[in-house]
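Novice: below are the sequence and a predicted model for it; my questions follow.
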Amino acid sequence: MNDRTIFEQIINKEIPANIIYEDSLCIIIDDISPQAPVHYLAIPKKLIKGISDLNDTEDKDILGHIMISIRNQMVKMNIKDYRLVINNGSEAGQTVFHLHIHILANRTLGWPPG
Ligand code: AMP
């Protein structure tokens, strides 16, 4: 049985995704069910289940790197306003247990989120 997450399979190129950006530490892909005209997912290649599972030392650099990669991608696309969302745990809406940051842009976003 394949118990790896969908994102691990995308990272390993076992299933397709529209890749926006990729380097040795992270990948940014189109969300398959977009909630805004731009809806990307920034995913560390290392399997970290969620924010609760971050390693105090070794994951600092990975998270910092992902944030800079997101910023760079938004600059490249000339998108100035965007929302980053991390759902941590099923009650918060997490459905894929491989840490990912939603990037939402190009529409007015309400607050608070549902
Ligand atoms: P979350 O609910 O925060 O865990 O977010 C999981 C996200 O993964 C959802 O927005 C889904 O639409 C998205 N998703 C699920 N399967 C795929 C896939 N194969 N390719 C791209 N995005 C996906």
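Specialist: Done, it's in. Residues are numbered from 1 along each chain as shown.

Novice: say whether the ligand is contacted by stretch 95-114.
Specialist: Yes: Stretch 95-114 reaches the ligand (CB under 6 Å from any ligand atom) through 95-96. Using the backbone N, CA and C atoms, a C-beta is placed for each residue, glycine as well.

Novice: show residues contacting that stretch.
Specialist: Stretch 95-114 has contacts (CB atoms under 8 Å, 6 or more residues apart in numbering) with 5-8, 28, 31, 35-44, 47-51, 53-54, 66, 70, 73-74, 79, 81-87.

Novice: out of these, who's near the ligand?
Specialist: Answer for these near the ligand (CB under 6 Å from any ligand atom): 6, 31, 41, 87.

Novice: strands paired with the strand or helix carrying the third one, and their directions?
Specialist: Counting by DSSP states H and E, the element that carries Leu41 is strand 38-44. The partner list of strand 38-44 in its sheet, established with DSSP bridges, is strand 26-30 (antiparallel), strand 101-105 (antiparallel).

Novice: dump stretch 103-114 to CSV, keeping only the CA atoms.
Specialist: Presented in CSV, the C-alpha positions along stretch 103-114 are these (Å, rounded to 0.1, in the frame of the first residue of the first chain):
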residue,chain,number,x,y,z
ILE,A,103,-0.5,31.3,-1.5
LEU,A,104,-3.7,33.1,-2.6
ALA,A,105,-3.8,36.2,-4.8
ASN,A,106,-5.6,38.1,-7.5
ARG,A,107,-8.9,38.5,-5.7
THR,A,108,-10.1,40.5,-2.7
LEU,A,109,-9.8,38.2,0.3
GLY,A,110,-12.3,38.4,3.2
TRP,A,111,-11.4,38.4,6.9
PRO,A,112,-11.8,36.4,9.1
PRO,A,113,-11.4,33.2,7.0
GLY,A,114,-14.1,30.6,7.5
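
Novice: how about the strands paired with strand 38-44 in a markdown table, adding mean neighbour count, distance to Ala92 and mean pLDDT?
Specialist: Shown next, in a markdown table, are those (neighbours: other CB atoms under 10 Å; distance: least, CB to CB, whole Å; pLDDT from 0 to 100):
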| stretch | mean neighbour count | distance to Ala92 | mean pLDDT |
| --- | --- | --- | --- |
| strand 26-30 | 20 | 21 | 98 |
| strand 101-105 | 20 | 12 | 98 |
